[in-house]
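Asker: Generate coordinates for the sequence data below:
(one chain, ligands or ions: 1)
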Amino acid sequence: MNPFESAPARTMQGQFTSADTHKYSVILPTYNERKNLPVIVWLLAKTFQENGLEWEIIVVDDASPDGTLEIAKQLATVYGEDKIVLKPRAGKLGLGTAYIHGLNFVTGDFVIIMDADFSHHPKFIPQFIQLQKSHNLDIVTGTRYRLTSTPYLAEATPGGVHGWDLKRKLVSRGANFLASTVLSPGVSDLTGSFRLYRRPVLQHIISVTVSKGYVFQMEMMVRARALGYTVGEVPITFVDRIFGESKLGADEIVSYGKGVWTLFTTV
Ligand SMILES: Nc1nc2c(ncn2[C@@H]2O[C@H](COP(=O)(O)OP(=O)(O)O[C@H]3O[C@H](CO)[C@@H](O)[C@H](O)[C@@H]3O)[C@@H](O)[C@H]2O)c(=O)[nH]1
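Answerer: Purely as a prediction, here's the structure:
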């Protein structure tokens, strides 16, 4: 079965035309994504254009050895340097700081953070925007592990994960269970990183977030809830990458455990 079938990309087409004058900025962190980048950019552009939305994509590449930056430069030529904004860094400095770096250059009212490898499919973005609008939310997050008790939940799809082996599934489930049980922020997917934020909200949360690696996403959500921001959830189908490799290693798992403990004792 094609995991993308459950929510057709064009379902929400035309939903926001004429009504939505906001600008949407996507921060795309990349490390060795030369095969994925052209297609994800094309799909993002198509999604925004079909919905009549203003957009820009900030590409934060960390000196990828596979030449991702060269591909990004070509895309900027094709789409325009106002649409594809290149903000590379000189070395691999991690996912958390890539978002912080990208945020410095954002000009939109809302910021979408997502992976560049199709784990996060652009077809869900109209659902994020619709949910944000209908409840005037501060944050909308994609969830692979939806709970019916979530206060603001889009009912579009069941969500889930495709393509991970048992070990990766257990790591992800375990990480979410640990953080939700210990920290209770009332959000079903704490480690996911497909999210839409009001720009000032993201700036505020980032200013008080201390971790830098994969644990960053979990800390951001825990801090958001502690600060009283409203969070909606859209069930998403997370599909493991086809091209390239995950950069998640054992050191990240250890730092996640430390992060949960730090938040438990400080927030
Ligand atoms: N600029 C930059 N980008 C990076 C770096 N490390 C990873 N990326 C980019 O960040 C995205 C996700 O990287 P992956 O390494 O493929 O992530 P993953 O293991 O599949 O983890 C995913 O699931 C986790 C939760 O289960 C998430 O926490 C994580 O953010 C991501 O969505 C991709 O676009 C990748 O190119 C880095 O050091 N620097």
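Asker: Please make it C-alpha for all contacts and neighbour counts, starting now.
Answerer: OK.
Asker: residue ranges of the helices in the stretch 1-150 of the chain, please?
Answerer: 37-50, 68-79, 95-103, 125-135 (DSSP state H, counting those that start in this stretch).
Asker: Mean neighbour count, the ones you listed: which tops it?
Answerer: helix 95-103 (a mean of 21; mean count of other C-alpha atoms under 10 Å).
Asker: Just the buried residues of stretch 204-219, please?
Answerer: Of all the residues in stretch 204-219, those buried under the rule 16 or more other C-alpha atoms under 10 Å are 205-206, 209, 211-219.
Asker: ok, and which of the residues you listed reach the ligand?
Answerer: When contact is defined as C-alpha under 6 Å from any ligand atom, the buried residues of stretch 204-219 meet the ligand at residue 214.
Asker: Which members of the buried residues of stretch 204-219 are positioned in helices?
Answerer: 205-206, 215-219 (DSSP state H).
Asker: Could I get those in a markdown table, plus columns for pLDDT?
Answerer: Listed next are those as a markdown table, based on pLDDT from 0 to 100:
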| residue | pLDDT |
| --- | --- |
| 205 | 96 |
| 206 | 93 |
| 215 | 83 |
| 216 | 87 |
| 217 | 88 |
| 218 | 89 |
| 219 | 92 |
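Asker: Report the two of those separated the most.
Answerer: Based on C-alpha to C-alpha, the longest span within those runs between 205 and 215 and measures 14.2 Å.
Asker: was I right about residue 119 contacting residue 194?
Answerer: No. Residue 119 is beyond contact range of residue 194, at 9.1 Å (criterion: C-alpha atoms under 8 Å).
Asker: Which residue of those two possesses the greater neighbour count?
Answerer: The neighbour count for residue 119 versus residue 194, taken as other C-alpha atoms under 10 Å, is higher for residue 194 (24 against 20).
Asker: ok, so of the buried residues of stretch 204-219, who is nearest the ligand?
Answerer: Set against the ligand, the nearest of those by C-alpha to the nearest ligand atom is residue 214 (5.0 Å).
Asker: So what's the residue count around residue 230?
Answerer: 16.
Asker: Equivalent analysis for residue 235, please.
Answerer: Residue 235 has 25 neighbours, counted by other C-alpha under 10 Å.
Asker: For it, give me its contacts.
Answerer: With contact set as C-alpha atoms under 8 Å, 6 or more residues apart in numbering, residue 235 has these partners: 142-146, 153-160.
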